[in-house]
Structures are given as structure tokens and as C-alpha cells.
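> here are the coordinates; sequence isn't available:
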């Protein structure tokens, strides 16, 4: 990346603390502009988790707040097939 400084590459990178892994870097990706979806999500896999139904419902609700209708949101969100071993 000629002409791009280290500071420029790090622009937009945020950090979040976790209990077991220290700091995790991440980048916010906008999913909509106004009421129009900005990024067309094809699939969200929830889990593995102790409460898969609640996780799926939360992801569906998130998509609805981003402008997706309920039927499309339900089609996008699926529960992980990997068993929870917590």
C-alpha cells in the first residue's frame, strides 16, 4: 500500500475488552443509510449459544431495526448446527 501511513491504515479500528482474550480489534460496518439497507445481508448464523431461540430472535429484531421486513429477516437468520458445550 504505497503512500498509506500506519496511522491511516489504523483509522477506524476500535478495540473492545474481553474477559478471556484481552483486547479485540474491530471495525464498524454500517448496515443502512437512513431507512435503506446499505449492506445486503445474506445470512446470519447465531451460536453456538446456551439460548439459541433467543439469539435468533435478537438477530431478527436487529435486522428489523435496520429496515428489513420480518419475513426476510427470519429467512436470513439461522441457528448454528454446532452444539453448545459451555
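Noted; the coordinates are in hand. What you are looking at is a predicted structure, and each value in this text was computed from that prediction instead of being measured.
> please make it C-alpha for all contacts and neighbour counts, starting now.
OK.
> just the helices in the chain please.
Along the chain, the stretches classed as helices by DSSP state H are 6-10, 52-65, 70-76.
> right, so of those, which gets closest to residue 17?
Nearest of those to residue 17, taken as Cα to Cα: helix 6-10 at 17.6 Å.
> model confidence over the closest one, on average?
Confidence for helix 6-10, expressed as mean pLDDT, is 56.
> next one: stretch 68-86
On average, the pLDDT along stretch 68-86 is 92.
> pull the residues that contact that stretch.
With contacts defined as Cα atoms under 8 Å, 6 or more residues apart in numbering, stretch 68-86 is touched by 37, 41-50, 52-53, 56, 59-60, 63-64.
> what's near enough to touch residue 13?
With Cα under 8 Å, 6+ apart, residue 13 has these contacts: 25, 26, 27, 28.
> distance of residue 54 from residue 48?
Residue 54 is 12 Å from residue 48, where distance means Cα to Cα, to the nearest Å.
> between those two, which one's more packed in?
residue 48 (16 against 12; other Cα atoms under 10 Å).
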